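Chemist: using only what follows, build the 3D model:
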Amino acid sequence: MKLPQARPRSRRVLDHSLLVLGATGLAAGLGAMTLAPGISAASSHREAPLIAGDPRADNTDVYAFTSPDKADTVTMVANWIPMEEPNGGPNFYAFGDDLRYNIKVDNDGDGVSDVTYTWRFRNSYRDAANQFLYNTGQVTSLNDPDLNFRQFYDLVVTTDGKSRTVLEGVPAAPSRTGKASMPNYTTLRNQATLGLPGGGKTYAGQAEDPFFADLRVFDLLYGGDLSERGQDTLAGYNVNTIAIQVPKKQLALNGNNSRNPVIGVWSTTEREGVTISDSRNAQHRKDWKQVSRLGNPLVNEVVVPLKYKDAFNTLNPDQDRTVGPVVDKVYDPILPKLIQKVYNIPAPATPRNDLAEIYLTGICKVCGPIKADLNAHRLNKDANLKKIVPAEELRLNTAVPPTAQPKRLGVLAGDLAGFPNGRRLADDVIDISLQAVEGAAQTGVLVPALAAGDKVDTNEVPFGTSFPYVALPHTKNVNQGPNGPERKAEQSSMKNTASASPAIKTSDAAAIGGIGALLLGAGGFRLRRRSKTS
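Modeler: Numbering: from 1, shown residues only. Got it, this is the predicted structure:
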């Protein structure tokens, strides 16, 4: 398949001075503007400072890919509420009824959403006065009288500033309270998978968490011992999922996905009633306010310095290039230096123009050092080049067909339908990131010392073959108790801590401790130098 060619540009899109132009003014504005207590802003699995206090607003992952069984459509999946323990009763896990959940699409590269899908939920109890149970008997359908707690939602589609309600008062799938209560959750999911006017489908409800990784990376990067890997930390946990599948033409610039195949995708959460106080003009109002944002996996935790994480989550992508401290960390990332310090793997030279290309513009021959036309908005023939701006989005070239036998390393392994050209459920973004951050994306050669990655190569359960593709939620408790095999192994290892792992200097601890969060994302974007390899 021949991909479209990027048109030449008259000036450098990613000139560093242009990116940071205006950053001082934006920083001053962010400093003057304050959010009332209780606001949380974070993406991914609880990594940002405030998100632990507001899990319903915490967007854990975003996926966008050409549907493998319906190639004329795009499927977008966004997950919320990290680390849902299956036996989390009696209230279990509900979408926030004071939140708006959005999936946004930019089809012309200006960093502003051209198509926005918004889900708004409301709660309903059959008997709140005399019951404490989520369900009072076995639930066999979404309208079962034994389903005490239910959620309904409206779906609004906004295109070029004009909104219309396409679904109103329709049911979401409930939390899976257990096999005794919900013996056939497939039936409930099917009932909650609804058709859309003009084609497409949507689903809202619980699912197994599709993200897989060994997150003991946060324990001083496996204690400096790469042999201590292989445990999927997310195994057994669930999330709340919103998924939508729509015809490609509904997302494309001018409705023409043949001429304009590239889109940028991200999700946001907005909270109702956020008090915004602006000290510059003493205005006080209550309004919808964006408190979470997520495009590429774990960007906020990886690139954005701690001081700016909460502010970053309130920004629209078209503002990204104005935040100097963030732009600086794209060109001179922290992660490679930390890996060099711990494992003596040399960090690639800076400035990292390849990272700037992957994070902010998409990949094209005239965009930067990665010489392939893959997923930059400049590939859209009807795009106005003067309006395209660097912006952090999960970019997808919808002209790339699904791969018959997907490769978990995506573009790095020559599979152009995988991450970072969109993101499929089975893309191993951790291993991709490990290799990319150490130069494999540029050299086309895997780094031998990191060849095994985190040793978690697949999800613990298979994904589905049809929409919404995510696996059914777990019912077995994650915690195996004090007599579980893993707990016994941990207790045994505590008796031999002196020889458990190589010594790490105390002076290195602070630096190494940050590697975990960085490892999960920064490399995930630079992994594509390999584009010309198959």
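Chemist: and the strands in this structure?
Modeler: 33-35, 59-66, 73-84, 99-106, 115-125, 149-159, 162-171, 193-195, 201-208, 238-247, 262-278, 283-294, 394-397 (DSSP state E).
Chemist: okay, these in TSV with distance to residue 134 next?
Modeler: All C-beta atoms are positioned from the backbone trio N, CA, C, and that covers glycine. Shown next, in TSV, are those (distance: least, CB to CB, whole Å):
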stretch	distance to residue 134
strand 33-35	33
strand 59-66	22
strand 73-84	14
strand 99-106	20
strand 115-125	10
strand 149-159	5
strand 162-171	15
strand 193-195	21
strand 201-208	12
strand 238-247	14
strand 262-278	24
strand 283-294	26
strand 394-397	34
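Chemist: out of those strands, nearest to residue 228?
Modeler: Minimum separation from residue 228 across the strands of the chain (CB to CB) falls at strand 73-84, 21.6 Å.
Chemist: and that closest one, how far out from the chain's middle?
Modeler: In terms of CA atoms, centre = their mean, to the nearest Å, the centre of strand 73-84 is set 8 Å apart from its chain centre.
Chemist: residue 371: how many residues sit nearby?
Modeler: 13 (other CB atoms under 10 Å).
Chemist: what about the closest residue to it other than its chain neighbours, distance to residue 401?
Modeler: Once flanking residues are discounted, residue 371 sits nearest to residue 365: 5.2 Å by CB to CB, 6 or more residues apart in numbering. When distance is defined by CB to CB, to the nearest Å, residue 365 is 21 Å away from residue 401.
Chemist: neighbour count for the two, which is higher?
Modeler: Neighbours per residue, other CB under 10 Å: of residue 365 and residue 401, the larger number sits with residue 365, 18 against 12.
Chemist: for residue 383, see how far away that one is.
Modeler: Counting by CB to CB, the gap from residue 365 to residue 383 is 16 Å.
Chemist: leaving out chain neighbours, which residue sits closest to residue 470?
Modeler: residue 207 (3.9 Å).
Chemist: that should have said residue 147, apologies.
Modeler: Per CB to CB, 6+ apart, closest to residue 147 is residue 139, 4.8 Å.
Chemist: would JSON lines of the strands of the chain with distance to residue 307 and mean neighbour count be doable?
Modeler: Below are those laid out as JSON lines (distance: least, CB to CB, whole Å; neighbours: other CB atoms under 10 Å):
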{"stretch": "strand 33-35", "distance to residue 307": "15", "mean neighbour count": "15"}
{"stretch": "strand 59-66", "distance to residue 307": "21", "mean neighbour count": "27"}
{"stretch": "strand 73-84", "distance to residue 307": "23", "mean neighbour count": "25"}
{"stretch": "strand 99-106", "distance to residue 307": "26", "mean neighbour count": "24"}
{"stretch": "strand 115-125", "distance to residue 307": "29", "mean neighbour count": "17"}
{"stretch": "strand 149-159", "distance to residue 307": "32", "mean neighbour count": "19"}
{"stretch": "strand 162-171", "distance to residue 307": "35", "mean neighbour count": "13"}
{"stretch": "strand 193-195", "distance to residue 307": "42", "mean neighbour count": "14"}
{"stretch": "strand 201-208", "distance to residue 307": "34", "mean neighbour count": "25"}
{"stretch": "strand 238-247", "distance to residue 307": "29", "mean neighbour count": "25"}
{"stretch": "strand 262-278", "distance to residue 307": "20", "mean neighbour count": "21"}
{"stretch": "strand 283-294", "distance to residue 307": "17", "mean neighbour count": "17"}
{"stretch": "strand 394-397", "distance to residue 307": "25", "mean neighbour count": "26"}
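Chemist: for these, give me TSV that also has mean pLDDT.
Modeler: Shown next, in TSV, are these (pLDDT from 0 to 100):
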stretch	mean pLDDT
strand 33-35	34
strand 59-66	96
strand 73-84	97
strand 99-106	98
strand 115-125	98
strand 149-159	98
strand 162-171	98
strand 193-195	98
strand 201-208	98
strand 238-247	98
strand 262-278	81
strand 283-294	81
strand 394-397	98
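Chemist: can you list the weak-confidence ranges in this structure?
Modeler: For the chain, the stretches flagged by pLDDT under 70 are 1-52, 220, 274-286, 481-534.
Chemist: spit out the contact partners of residue 157.
Modeler: 115, 116, 117, 118, 163, 164, 166 (CB atoms under 8 Å, 6 or more residues apart in numbering).
Chemist: against residue 109, how distant is it?
Modeler: 21 Å.
Chemist: one more: residue 380?
Modeler: For residue 380, the distance to residue 109 - CB to CB - is 7 Å.
Chemist: so what sits against both of those two?
Modeler: Counting by CB under 8 Å, 6+ apart, the shared contacts of residue 380 and residue 109 are residue 262.
Chemist: of the two, who's got more company?
Modeler: residue 109 (30 against 27).
Chemist: partner residues bridging the residue nearest to residue 159 when sequence neighbours are not counted?
Modeler: With sequence-adjacent residues excluded and distances taken as CB to CB, 6+ apart, residue 159 is closest to residue 115, at 5.3 Å. Residue 115 forms beta bridges with residue 105, residue 159, as assigned by DSSP bridges.
Chemist: quick one, what contacts the residue nearest to the spatial centre of the chain?
Modeler: Geometric centre of the chain, nearest residue: residue 61, 2.9 Å, by CA atoms, centre = their mean. By CB under 8 Å, 6+ apart, the residues touching residue 61 are 44, 77, 78, 79, 210, 211, 239, 294, 297.
Chemist: identify the residues contacting the fifth one.
Modeler: Put plainly, it is residue 210. 61, 63, 77, 79, 239, 425, 459, 463, 470, 471.
Chemist: so the fourth one bridges to which residues?
Modeler: Same thing as residue 79. Under the criterion used (DSSP bridges), residue 79 bridges to residue 61, residue 241.
Chemist: now do the helices in the stretch 1-150 of the chain.
Modeler: 16-20, 23-32 (DSSP state H, counting those that start in this stretch).
Chemist: was I right about residue 132 contacting residue 90?
Modeler: Yes. Counting by CB atoms under 8 Å, residue 132 does reach residue 90; the two are 5.7 Å apart.
Chemist: now do residue 342 against residue 229, distance only.
Modeler: Residue 342 sits 14 Å away from residue 229, going by CB to CB.
Chemist: neighbour count winner among the two?
Modeler: Higher neighbour count among residue 342 and residue 229: residue 342, with 19 against 15, using other CB under 10 Å.
Chemist: and the more buried one, how close does it get to residue 329?
Modeler: As judged by CB to CB, residue 342 and residue 329 stand 19 Å apart.
Chemist: over to residue 402?
Modeler: Residue 402 sits 34 Å away from residue 329, going by CB to CB.
Chemist: who has more neighbours, the two?
Modeler: Neighbour count, other CB under 10 Å: between residue 402 and residue 329, residue 329 has more, with 22 against 14.
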